[in-house]
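Enquirer: Compute the structure for the input listed below.
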Amino acid sequence: MTKLLFCDIDGTLVRPDETISDRVRSLLMQTADAGHGFILTSGRPLSSILKVRDYIDIAFPHSYIIANNGGLIYDCNAGKPIYEATLSFSLIDRLQAMAEEMQIHIQTYTKDSIVCRRDTEEVRAYASRIKMPVVLSDCLSAQLTDQPYKMLALSLDGSETLMPLKHRIEQELGDTLQAMFSQNGYLEILPKEASKGNALRFLCEHLSVPVSDSYAAGDSENDIAMLEAAGSSWAMQNGDEKVKSSAAFITALDHEHDGIAEVLENILSSS
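Expert: Have a look, this model is predicted:
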């Protein structure tokens, strides 16, 4: 029976230097050879996840990407989205004004670029990590030809600095938006219907794979919906305590020491 592993990237699959070990690569190849699916599932935009996929360079029977925390499901073989949830331009303008009033860095995305108002330390650090160019504009929505999948507020001082913005979004726009942390200092702002959990259920139905045959692995708040939706859920040893309490299993090792290998071995042993 085909198993589907929905795997977060940062803090789960890759080590801090954004590499995987020979051991993990070998287990991924065995997983592909056994006919199982491996679906990269991240808050990152699509172009950044495609670079991770190219680096892994293993052909899986089911080649899909869940990007922007579930706002986009992308069929790699067909080269096109099969599901999209986006933010309106009017919401982009309102969120930009809200963040600037609170002196918080906020950004959105075109298909291949980061769009923000100023060249800040936050965007320089972020762009360097995910390897995307930056476009500066006083009006973010003016740089967009298509509605974006998300906005991202950043703070080098950590998540506490972003909590006032999170609370304000929930109070004023909670009917249409959700705001959650993908890692310390990263506040993801998404359409209400977008989540890794909904994306997992959508893909299982699309591929005619029972949800009971799905596995999910993650470490951060934005992974909780995915962990709760999966048939078998794994939190990384380095994960947040709230994430660990949402998972059925916790890996013995963290992402720096091949914690994801335990999940892959479990899938292979159950085949």
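Enquirer: Leu152: helix or strand, and which one exactly?
Expert: strand 151-154 (DSSP states H and E).
Enquirer: Tell me which residues are up against that strand.
Expert: Outside strand 151-154, the residues within contact range by CB atoms under 8 Å, 6 or more residues apart in numbering are 43, 87, 92, 95, 99, 104-108, 120, 122-123, 126, 162, 165, 185-189. All C-beta atoms are positioned from the backbone trio N, CA, C, and that covers glycine.
Enquirer: Narrow those residues to those that are buried.
Expert: Among the contacts of strand 151-154, the ones that count as buried by 16 or more other CB atoms under 10 Å are 43, 87, 92, 95, 99, 104-108, 122-123, 126, 162, 165, 185-189.
Enquirer: So which of the residues you listed sit within helices?
Expert: Mapping the buried ones among the contacts of strand 151-154 onto helices (DSSP state H) picks out 92, 95, 99, 122-123, 126, 165.
Enquirer: May I have stretch 247-267 as PDB, with CA atoms only?
Expert: Taking C-alpha atoms only, stretch 247-267 is exported to PDB below (Å, rounded to 0.1, in the frame of the first residue of the first chain):
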ATOM      1  CA  ALA A 247       1.900  14.400  17.400                       C
ATOM      2  CA  ALA A 248       1.500  10.700  18.100                       C
ATOM      3  CA  PHE A 249       5.300  10.200  18.100                       C
ATOM      4  CA  ILE A 250       8.400  12.300  18.800                       C
ATOM      5  CA  THR A 251      11.700  11.500  17.200                       C
ATOM      6  CA  ALA A 252      14.500  10.400  19.400                       C
ATOM      7  CA  LEU A 253      16.900  12.800  17.600                       C
ATOM      8  CA  ASP A 254      16.600  16.300  16.300                       C
ATOM      9  CA  HIS A 255      16.900  17.600  12.800                       C
ATOM     10  CA  GLU A 256      20.700  18.100  13.200                       C
ATOM     11  CA  HIS A 257      21.200  14.400  13.900                       C
ATOM     12  CA  ASP A 258      18.900  12.800  11.200                       C
ATOM     13  CA  GLY A 259      15.700  12.700  13.300                       C
ATOM     14  CA  ILE A 260      13.700  12.400  10.100                       C
ATOM     15  CA  ALA A 261      15.500   9.000   9.500                       C
ATOM     16  CA  GLU A 262      13.300   7.500  12.200                       C
ATOM     17  CA  VAL A 263      10.200   8.400  10.300                       C
ATOM     18  CA  LEU A 264      11.500   7.100   7.000                       C
ATOM     19  CA  GLU A 265      12.500   3.800   8.700                       C
ATOM     20  CA  ASN A 266       9.000   3.500  10.200                       C
ATOM     21  CA  ILE A 267       7.400   3.900   6.700                       C
END
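Enquirer: chain center to that stretch, what's the gap?
Expert: Centroid separation between stretch 247-267 and its chain, computed with CA atoms, centre = their mean, to the nearest Å, is 18 Å.
Enquirer: list the buried ones in stretch 25-34?
Expert: 27-28, 31-32.
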